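S.K.: Give the three-dimensional model of this entry:
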Amino acid sequence: MAYEVEAPKYVRLAQIIQQRIEDGTYAPGTRVPSENQLVQAFGMSRPTVVRALELLKRDGWLESRQGFGTIVRGRPAVVEHKDRRGSEVLARDESQAPGRVVEVGHVTVPARVASVLGLSKRAKVLVRRFLVEDDGEPAELVSSYFPAGLVEGTELESADPLSGGTRAHLEARKKVRFDHVTERVSARLPERGEAELLELPDGVPVLSVLVVACDASGQALQVSDVLLPADRQELEDTYRLS
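M.R.: Below you'll find the model as predicted:
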């Protein structure tokens, strides 16, 4: 597609290994080729290979076992078994959700969104900004960014509330398929406009959940920055220890 930008070498290698795990070439419980073998097979440097393997370990596709090397774990299953904020963002029906669309337009891509989409810092993207309300009070601010080439032929540029959610809309209109989501949580002070929409006093920070929604190849289709007033939020997760 016109909006796709070639990913870094280590990401491309990670995607190839991921695809081989998906198609059974590298079966769960087996060892992946050694670093030397991957360097020779793909003509990439050792640092590139190491970084790709670390990325796959971080995301749960691989694991290191003492005396065995790098072992295939298979497709991570945690996302399918638990509700996540990212899936809520992708499925939110703006026409039914409590809140309102506060901005739609083309803007210069924010730096950390540019790095995820593989765009230059001067590139333009479409932003849809939705203010979620709870009993009439602002609860979260969702800024969703879309590559320009993905917008044509959709209703994303309309200021009217979008029905059915962005995922369903894009899959129907652009024939893309969303596969997985990565969420990155950080804290920062809000910009003036963000603070005004969230009705925050000066000095109150926000939690930023950066939602990166990708297709099976790892290409980012939508990036959403979800801002939550830090003084009204508590993040909790419960999981078993293996």
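
S.K.: all contacts plus neighbour counts: C-alpha atoms, from now on.
M.R.: OK.

S.K.: Could you tell me how far the residue located most distally from the centre of the chain is located from residue 35?
M.R.: Seen from the C-alpha centroid of the chain, the residue lying at the greatest distance (C-alpha atoms, centre = their mean) is residue 67, 34.2 Å away. Remark: distance between residue 67 and residue 35 (C-alpha to C-alpha, to the nearest Å) = 15 Å.

S.K.: where exactly do the helices run in the protein?
M.R.: Per DSSP state H, the chain carries helices over the ranges 9-22, 35-42, 46-58, 85-91, 111-117, 148-151, 166-174, 192-198.

S.K.: what angle do the second one and helix 46-58 make?
M.R.: The directions of helix 35-42 and helix 46-58 differ by 110 degrees, with axes from the mean of the first three to the mean of the last three C-alpha atoms, to 10 degrees as the criterion.

S.K.: Ok, which of the helices of the chain comes nearest residue 72?
M.R.: For residue 72, the closest of these is helix 9-22, at 7.5 Å, according to C-alpha to C-alpha.

S.K.: coming back round to it: make CSV out of the helices of the chain and add mean neighbour count, distance to residue 139 and mean pLDDT.
M.R.: Converted to CSV, the helices of the chain look like this (neighbours: other C-alpha atoms under 10 Å; distance: least, C-alpha to C-alpha, whole Å; pLDDT from 0 to 100):
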stretch, mean neighbour count, distance to residue 139, mean pLDDT
helix 9-22, 18, 35, 87
helix 35-42, 14, 47, 93
helix 46-58, 17, 31, 86
helix 85-91, 17, 13, 88
helix 111-117, 17, 23, 91
helix 148-151, 16, 27, 92
helix 166-174, 17, 20, 96
helix 192-198, 15, 7, 95
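
S.K.: How is the protein divided into domains?
M.R.: Listed domain ranges for the chain are 9-72, 80-232 (source: automatic domain parsing).

S.K.: measure stretch 24-37 end to end?
M.R.: End-to-end distance of stretch 24-37: 19 Å, with C-alpha to C-alpha as the criterion.

S.K.: can you check stretch 130-149 too?
M.R.: 22 Å.

S.K.: mind listing what's buried in that stretch?
M.R.: 130-133, 138-147 (16 or more other C-alpha atoms under 10 Å).

S.K.: where does the protein have low pLDDT?
M.R.: Within the chain, the segments meeting pLDDT under 70 span 1-8, 77-84, 232-242.

S.K.: what's the residue closest to the geometric middle of it?
M.R.: In the chain, the residue lying closest to the centroid (C-alpha atoms, centre = their mean) is residue 212, at 0.9 Å.

S.K.: so what's that residue bridging to?
M.R.: Counting by DSSP bridges, residue 212 is bridged to residue 182, residue 223.

S.K.: so what's it up against?
M.R.: Contact partners of residue 212, counting by C-alpha atoms under 8 Å, 6 or more residues apart in numbering, are 86, 116, 181, 182, 183, 220, 221, 222, 223, 224.

S.K.: what about it, distance to residue 75?
M.R.: To residue 75, residue 212 is 18 Å away according to C-alpha to C-alpha.

S.K.: now do residue 175
M.R.: Distance from residue 175 to residue 75, by C-alpha to C-alpha: 24 Å.

S.K.: do the same with residue 173
M.R.: Using C-alpha to C-alpha, residue 173 is found at 28 Å from residue 75.

S.K.: swap in residue 206?
M.R.: 33 Å.

S.K.: How about residue 99?
M.R.: Noted for residue 99: a distance of 36 Å to residue 75, by C-alpha to C-alpha.

S.K.: circling back: I'd like the helices of the chain as TSV, with distance to residue 230 appended.
M.R.: Formatted as TSV, the helices of the chain follow (distance: least, C-alpha to C-alpha, whole Å):
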stretch	distance to residue 230
helix 9-22	33
helix 35-42	43
helix 46-58	27
helix 85-91	16
helix 111-117	20
helix 148-151	32
helix 166-174	26
helix 192-198	11
